[in-house]
Structure formats: structure tokens, C-alpha cells
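A.B. asks: please work out how this folds:
(chains A and B, ligands or ions: 1)
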There are 2 protein chains.
Amino acid sequence: MQNAPFNLAQCIEHAGKYYSHQKVITRKVEDDSIHEITYHEILRRVRQLANALKKLGVQQGDRIGTIALNTYRHLEAWYAISGQGAVCHTINPRLSAGQMDYIINHAEDRFICIDPIFWPLIEAMHPKFGKVEGYIVLTDAAHMPTTKHDVALYCYEELIKGESDQFEWPVFDENAGSSLCYTSGTTGNPKGVMYTHKSNLLHSYAAGLPDGFGIRSLDTLLVVVPLFHANSWGISYLGPMVGANLIFPGKLMDGEAIFELVDKYQATTAAGVPTVWTNLLDFAKQKGRKLDSLRDVVVGGSAAPPWMFDAFEQKHDAQLLHAWGMTETSPLGTINRAIPQLKDLPQEEQAKIRLKQGRPVFGIDLKIVDEEGNELPHNGEAVGHLLVRGNWVVHTYYGSDAPAVNKDGWFDTGDMASIDRFGYMEIVDRSKDLIKSGGEWISSVEMENTAMGHPDVLMAAAIALKHKKWGERPLLVVVPKEGKNPDKESIKTHLGTEFAKWQIPDEVVFVEEIPMTATGKFSKLTLRKQFEGFYEEEA
Amino acid sequence: MQNAPFNLAQCIEHAGKYYSHQKVITRKVEDDSIHEITYHEILRRVRQLANALKKLGVQQGDRIGTIALNTYRHLEAWYAISGQGAVCHTINPRLSAGQMDYIINHAEDRFICIDPIFWPLIEAMHPKFGKVEGYIVLTDAAHMPTTKHDVALYCYEELIKGESDQFEWPVFDENAGSSLCYTSGTTGNPKGVMYTHKSNLLHSYAAGLPDGFGIRSLDTLLVVVPLFHANSWGISYLGPMVGANLIFPGKLMDGEAIFELVDKYQATTAAGVPTVWTNLLDFAKQKGRKLDSLRDVVVGGSAAPPWMFDAFEQKHDAQLLHAWGMTETSPLGTINRAIPQLKDLPQEEQAKIRLKQGRPVFGIDLKIVDEEGNELPHNGEAVGHLLVRGNWVVHTYYGSDAPAVNKDGWFDTGDMASIDRFGYMEIVDRSKDLIKSGGEWISSVEMENTAMGHPDVLMAAAIALKHKKWGERPLLVVVPKEGKNPDKESIKTHLGTEFAKWQIPDEVVFVEEIPMTATGKFSKLTLRKQFEGFYEEEA
Ligand SMILES: Nc1ncnc2c1ncn2[C@@H]1O[C@H](COP(=O)(O)O)[C@@H](O)[C@H]1O
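C.D. replies: Numbers count the residues shown, from 1 in each chain, chains lettered A, B, ... in the order given. Now for the predicted structure:
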């Protein structure tokens, strides 16, 4: 058999050639107007950008960062960077300044492609980014910012303008890194996951199967999941591969803006975290409007609440499909699609199964194990550490010496799950000490350490509590030092030195004592029980 | 990323674990009764067979033949053989004795898995099969044949009976050969195409996409395409991978038998050559029955006639999907699925496009070139040699030194095609001098040489003529030697020494002269025009 190494550029080449009339629709970040472009045109521009990057001196293996929302230019940058053998390092613009610093320096990004709206934020941080030689602002001449720093600022449209729309994609090992994404879903510093051309190919194929995303050229997919988050659930590759139209919402994530896009372009499928769907459903309800084109809404990143499944099904004739994955798994691990055996079950049982995170796509294997690593039965009752294995699952974090997998090659997800007799996995808890708010991670341990640096704080525990809008929000539980009486605001202000605004706990509560486990750690379980419903009632 | 080498056994392991209740339904070759078995049970038996084969001394890289129809045992053999690193060599039972000889010796098969119904045929040939150490008869003790030869004859069910249902699949290079299929769709001796674990994985993923076969666990797929033909269109891997139920029709291919299976098991999809669908549609029409469960019928191997598209759509609410491929392409190259742009075209144009062989699946690239190798435009008019490239396309035939691809890595299919502006490819002729009858090849050149060995024949040309039932049938055009007056029957009898019965031309016509091309070859084009409609009118 032929065995040419795979290059991700083939996805966009295929789209440009065989789905030339299909479109990418973007709400532009500059002015929120809507922009349409065909894959044919995107392919031309990707090749132009590839030529431009080469002229800037980009070499195979170089890391090129992106700090950008979902737009066609961001997508073009993905392909131009990876296709020529460099690494597309997507950076979450919502990271705290400390994390941003850390990962840009750790990745040693040479250039950064950036949305103009993020320039003020990044400009202030620039002096700390040692290796960054220049920024490519994803905009046209009219919207170019300026800078007081002595650093090159390129205008995307000006950069590609004169370039040839022909480019010979180089041939290199398909196991070479194509893209890099740091996760803060771990304790300690953010960790980089390096995807490869091959891992992305396999992941896209699997994600594209009828029981995965199941999209084709007749579909129009609303991509709310950010391009900078967990490899954009693979959609940036899958969309062009199967020729689906893509809708990129830019910066407006409110219910009205999202509704408009779905409605105007008759989106058939959508993918995003629960928070966005809450907004969308609320808007539709208020206005008495129906999302009549939607067939499948894929939700993941956090658990979707039960009412959301009903709302989509009953009000909008759409099915909400629960999926589970992580940055470390490219990210698709499981998706909840019905198998024929379910229809023999009582309605209530079917409804319960629908809420689970789903079954593994082909190429992924799962198991749950107890503390000693013994495999637990698939009976829907036993709960264990969820381990995962597959060719789009991390082996070693970027720049690390030690593998992230155990000796048998399994990666411990930090999630606690059960698996039922039909193979449906359900996440029931988390063994990693983290909080996930609106699809983004907050480290409890870091928050506790920072809080305990406050002069009046003796002990502090950060816990995740359920929240209607954000899935989870942090609560900080504080034991003041003897005789001290700190106020909430001073603690929040103190946290603000290390944390982004959205990461600061909504509430700080004072207690006399924090419950401890037998091994002398904070008993988060006890605390979470104690404060159960704290935010939910508020929402 | 993790990067464990892929082993095809993972398909059946996945099915056994995550689609344990899904089924393979077989019409048994022994007595035409219907047999059902779950993937869970199949997986157990595959592992048992793997253990048994190991005990027989099967080593990695060994070729193990199969001469068998579509049954669950044949499927089990595929996985047990390839999974342990041996090569599953599927042999077409309809080959002529000479071809059978050639390929079994060329492949150096050590064992052959054989249906009991083929034993009499093969027993007679056995003395010529130098390296075959034994036959595994795919049956139970009650249906075991005996032999007069001094060769081991194992009963499949007895062989696996005592074996463990645990098996540790070995780890080896995913580019190792998994399966071997000879094609007689070439001039000269049959040529072997060696598929690899990786090529089959990629092919299955691509074939499984919604715009490919698009099947999932809610589907039941009738597999009329033989397991011994062109890698069974990849269905043997795809089916278990996505957990679809499979229906294997055994030896009964008549309309009534096929109808019964579709109807009883509510098949949603089906795959096979046009001849079978002709029979099925005829039967349904005669009996006034509807195939009400069918959604998609994939047809390929030969061009499907226009009336067949209408018949499925209008009488059975099913769509006939034209696909093209060859043994050398694993086989999926193109499939005809609608893209959104078609709906803006006039009805007649849409209807014409539906008849074409379709658009390439992701992973395959096509081009058409003129005699000098210059690429021709995709305008639906220009006709050129169809070249194909992709990681499930042959590079070098088995045992050959010379690559089968040109210096840029393209494989010449021997088909002449046009490609339209939407990417739909249409096969319009064949540059290879062959006849395809009921999905099987007949070599014109060989037939001519044999015929010219008849004492009274001066010149003979074999041409393919359209035929309602078989797609094409051979016609032999003969110029007798001066003063001789051979009769048709004596020529047919003479051909019978080299050709299988079904390959013998239905008619022999005598002429005074055979038209020649400028370069002194028979002008088949002129001949085909001259005899156009010869068989069609008969049918
Ligand atoms: N849908 C189709 N229409 C016309 N010819 C076909 C089609 N599918 C396959 N073929 C022919 O069959 C050949 C492959 O034969 P095989 O390797 O025996 O499967 C191709 O090269 C074509 O000549």
C-alpha cells in the first residue's frame, strides 16, 4: 500500500478542491458584522499565509502562538502554520497573566497571531514574552493597532496580499507535532499537549463517524467551542474534511447573537459548553422562538444539566448529545448516541442513560479502576478512576521527561466514573482538585495557597459548587487567624493579584474549622456536602 | 501522543466489548438455514481460533487462504488470521483452475480455510498446491467431508472447541500485511494486492463517514459483496467498528432469498454488484413486494444501469448509491452522495449526476490525464486515464519488484473517466482490455490467444458487450482459416480447457476480417460499435 505521511494541510486542500463552494461564516471581531468565505478562497489564503510565514523565517518545528477567537482568519492560521510543519500553539485569552507568561515562554513561541481586540491586553504583557519576535494581527489595515514597544506588528491582510496562492506542502513524519494546547486542568503549572498530524487525522475520522459528530457536506455546524480550547474538539479539521459549512461566532456569545447565526444560516449541528446553550435556550424561550434547523447539539467540557436535554428535545426538536473528553484526549473520548438495545428499556431508564457522558468512539478504550488499579465492573454502579488509552491520547506532556501514562500505557483522567453494561460512561466526580467554570479550569490548590498568603488568613479551602449558569463556581472557605477579622473584599482583592477576574470566587465564607480527611488533607467532600446548593439557590 | 501500532483485531475487540449484543446473521452454506450470533460470541470464537491456529504452527507473516462465501465463520477466520499477524488471503472460488493454481502457489498459502461446499472442487486440484499443509473446513463435525489425499483436514468447530477464549494479540508494525487479494482485472497473471493493518484502518474510517457508507449501530447491513472480493469493500472491518448488524447471504443469491433476508431482518443498507440488485428488484416486482426497511443500497464493481436508480427510489424509497473502486484501492475510491450545490440544478441534471460513480472520500485523490500524462480539466467533458493516489491504494503488487505507481506516486486504474466541476467522476470506458461479467473479470487477451490455438481459427477478438443481467458478457469474433469452417461449439469446447464455464462467450460470430487500429491492434472500439446491442436485445 501507498503510505505517504499525512499532513493536516490535506484537510483544507480537500475542502478547497472538492467542497469549493461550501462556506465558513464568521461574526467578525472588529465590528460584529457577518462575513462569508468559501473553502476555495480559504485554501488560496492559507497558501498565501504559508508563503508569508516562510518569508518571516518560520521553520519546521517552530511554535507559533494564536490568541484569537473563532474566525476564518484564525482557521487559516491553523492550516498555514501546521501545514508547513510548524506548531500551532493555541492560547486561551482568558488565562491569568501569570499563566499566559508561563506558557508563552515555555512553548518559546516565535510569533503570535492575535485578534486586534486582544492587543491591549497582550501589549501590556509583551515585555515578559522573551522569545516573541513579532505579532501578526488578524485584521486588515483599517483595524490595525499600534504599539509603543519595539516589536514587529504585522497586519494579516497586508502580509498575505502580495503572496502567491500556490504552496508546496513539505513532506515530514506524520508523527511530528502539528499543534499545542496547554491545559490548566492539572495541578501546578499548565501542561502542554502536543498533537501530531497523525493523531489529528485519526481523531477527525473517528469524530466524523455517524455515531460521532456525524456531519457531512449537507450540514452547517455552529462552532461555539473555541479554536483555542482542547483542539476545538477537532472540528477545525473535521469540518473541511467532510465539507460542512462552519459558523464561527466571533466574540458575541449571548443568546441573541447565537440565535441569529443558527437561524440565519440554518445550522443543523452545534458544539459548545453548557453555559452557551443556557443562554441560547433562555433567549429562545423569552422570545418564543424555535431553533428549527438544529438536529444535533453536542455538549461537553462540563456536565450538561438534565433540563437542557428536555429543552432542546421538547422545544426545538433537537437532540442534545453529551460528550466527554479533555485537552489530553484531542479531545473526543466518548459521545452519547443511542444503541439499538436501549429501546427495549423502560422510558425512565432511557432518559437516565441519555444524561451520561456516553460511549467511546472507535480508537479509544476506557476502564475504571479502584485505588489499587484493579479494574472495576461495567455495571453502572461501581465508581472508579477513569483511565483512557488511544492514539489521540497524550503520552508525555510537552517538554516533560516523564510519561503521563502508567506502565501499561493508560492515562489517568482525574475523573471518577462508572460504566454501565451498555458501555455508557458517567462522570460522577473528580479526583483532581479543580473547579470548572463555564468550561474553563480554576486550580483550587493555587487559590488556597494564594489566599493563605493573605496576612489575616490561617487556612483556606477552595471548593467547586454547582451553579446554574456556569456549571461550577468556586467558593472559598476561610479560617481567619486568631483574633483577626478579615473582610471578604480584601481577600478577593488579594486573589486578584494572581487570578483572572472570572476566577475569583463569588463568595468567601468564614468558618472556625475546616474538616480534615484521615490523611490530614482538607475534606472537600465534606465541605461540598456542607455547602451544597449554596450557589444553585442564588442563581 | 500515544502511538500504539494498530492491529485489525481491535475492530472485533471493540465490537465484542461495546456492541456485544449486535449480531451477524448468516444463511449457512450447509443447509441454507439462518444462523444468528452476537459480536460478543464472535469475539470469543475469534480468540479460540487464534489459539488453534497458533497451535497448528501459524507464524506472523504466513499466508492463510480462505475459499469461502460470506458467513460468520469466514469473518471469524479473517480476524483470527490477521489479528495474530498472519495474512488472510481471500481466494475467489469462481476462478479458473489455472488461476487458482497460480495464486495459491504464488501466495504460498500454508493452510486454507474452506467452505464444505467447495471441497470437491478443491480436492481435485489439491495435488497442484505445493505448500498447502492442511485445510480447515468451515463447518461442524456433522458436515465434515473426507479426502482421499494424504492431507490434513480439520473441522473448524472441532478445532476451536477446546481452546481458550482469551488471546493476547501480538504487537507488530501497523504497516505489516494483514490480508491479500489477487485481482484478475489486469493482463497476464493475477496480481496480488497486500493490504496492511494501517491501510485497512484508514480505509474503514473513511468508508464509515456519513458521506461514505454512513452506517452505525442502528443499521443492519446486507453484505452481498463477497468477503473474497476486493477486501469485501471494507465492510468486514467497518461493520464491527461501528457495531452495525451484518447479514451474510451464504450461497443463495437469487431474488427471493435476498428479499427474505432484507425483509426478515429489516436491513437498512446493502452493498453489492448490480447483478444481484437486478435479481432482487425483479423478484420484488413479480411479487408486488416492497423493501421497506432499506435506506441506502451501495452498488459498485460495474456500472449500475439508470433504471435501477429509479426502481429503488420509486418502488422502494431507497437510494441507490453508485460507488467506484478496485481491488487495488481497498476498494473505496468514490461514492455518489449529494452535495448541497446540486439542489440548485435542474432536475434532469441532478438525475444525470446521480448516475456517475461519485466523489472521492477523504484520503483519496483523483486525476484524469491524457496520453502524455497532462492533467485534464474537471469540466465533465474531458475524458482521460483515471489516476488515483491515497494510503489505501496499491504501491507494489505482492512479490513484484517494480512499483505499480508512476514516479509521482499515482496508480493508473485502467479506467477512462471524466470529472465534472462538482468533483463527480464518471467511468466512461476502460483502457484495460478486459470484460467484466457479474462483477468478475474475464481477460480478452487470454481468450483470444486460447481461441487462436484452435486448429481452424486464424484470428479471434474477444469484446465486452453490454448485458442486462451480467453487466457485460464476452463475444468472440472469429476469422476462420482459409477454407475452414469451424463450428461454434468446437470453439467453446476448446476455450473450456482454459476458462471457467461462466467465462465462455455466449456467442461466437464469424467474420471475414477484424478491423484494425493504426498501430496494428484489433480495434475493439469499432467492433463494440458494430455489435452494439447484440446481447441487450437478447436479454
Ligand atoms: N461503479 C462502477 N462503474 C463502472 N465500473 C466499475 C465500477 N466499480 C468498479 N468498476 C470497474 O471494476 C474495476 C475494479 O475491479 P475489481 O478490482 O475486480 O473490483 C474498476 O477499475 C472498474 O473498471
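A.B. asks: contact residues of chain A facing the ligand?
C.D. replies: Neighbours of the ligand within chain A, by C-beta under 6 Å from any ligand atom: none found. Using the backbone N, CA and C atoms, a C-beta is placed for each residue, glycine as well.
A.B. asks: where does pLDDT dip in chain A?
C.D. replies: A:519, A:537-539 (pLDDT under 70).
A.B. asks: ok and the residue in it nearest chain B?
C.D. replies: residue A:205 (3.5 Å; C-beta to the nearest C-beta).
A.B. asks: spatially central residue for chain A, please.
C.D. replies: For chain A, the residue nearest the mean C-alpha position is residue A:229 (2.7 Å; C-alpha atoms, centre = their mean).
A.B. asks: residues contacting that one?
C.D. replies: By C-beta atoms under 8 Å, 6 or more residues apart in numbering or on different chains, the contact set of residue A:229 is A:90, A:92, A:181, A:301, A:327, A:439.
A.B. asks: kindly report the same for residue A:186.
C.D. replies: Counting by C-beta under 8 Å, 6+ apart, residue A:186 touches A:414, A:432, A:434.
A.B. asks: tell me how far it lies from residue A:485.
C.D. replies: For residue A:186, the distance to residue A:485 (C-beta to C-beta, to the nearest Å) stands at 35 Å.
A.B. asks: surely residue A:319 is in contact with residue A:313?
C.D. replies: Yes - using C-beta atoms under 8 Å, residue A:319 is in contact with residue A:313, at 6.2 Å.
A.B. asks: of these two, who's got more company?
C.D. replies: residue A:319 (17 against 14; other C-beta atoms under 10 Å in any protein chain shown).
A.B. asks: since we're on the closest residue to the ligand within the stretch 401-539 of chain A, how many residues are nearby?
C.D. replies: Among the residues of the stretch 401-539 of chain A, residue A:423 lies closest to the ligand, at 35.6 Å counting by C-beta to the nearest ligand atom. Using other C-beta under 10 Å, residue A:423 has 21 other residues around it.
A.B. asks: before we move on, what about residue A:475?
C.D. replies: 22.
A.B. asks: then the one 10 residues further on?
C.D. replies: For residue A:485, the count of nearby residues is 8 (other C-beta under 10 Å).
A.B. asks: give the helix, strand or coil label for it.
C.D. replies: What DSSP: H, G, I helix; E, B strand; the rest coil gives for residue A:485 is coil.
A.B. asks: what residues are up against it?
C.D. replies: residue A:456.
A.B. asks: phi, psi for it please.
C.D. replies: Here is the backbone geometry of residue A:485 (degrees, to the nearest 10): phi -140, psi 60.
A.B. asks: so how far is residue B:390 from the closest residue to the ligand within the stretch 1-150 of chain A?
C.D. replies: Ranked by C-beta to the nearest ligand atom, the top residue of the stretch 1-150 of chain A for proximity to the ligand is residue A:1, at 14.8 Å. Per C-beta to C-beta, residue A:1 is found 9 Å from residue B:390.
A.B. asks: and the residue lying closest to residue A:7 once chain neighbours are set aside, how many residues sit next to it?
C.D. replies: Distances taken as C-beta to C-beta, 6 or more residues apart in numbering or on different chains place residue A:169 nearest to residue A:7, at 5.3 Å, with adjacent residues excluded. Using other C-beta under 10 Å, residue A:169 has 18 neighbouring residues.
A.B. asks: just residue A:269 next, same as before
C.D. replies: Residue A:269 sits with 23 neighbouring residues when counted by other C-beta under 10 Å.
A.B. asks: residue A:370 now?
C.D. replies: For residue A:370, the neighbour count with other C-beta under 10 Å is 12.
A.B. asks: swap in residue A:31?
C.D. replies: For residue A:31, the neighbour count with other C-beta under 10 Å is 9.
A.B. asks: that concludes my questions; thank you for your assistance.
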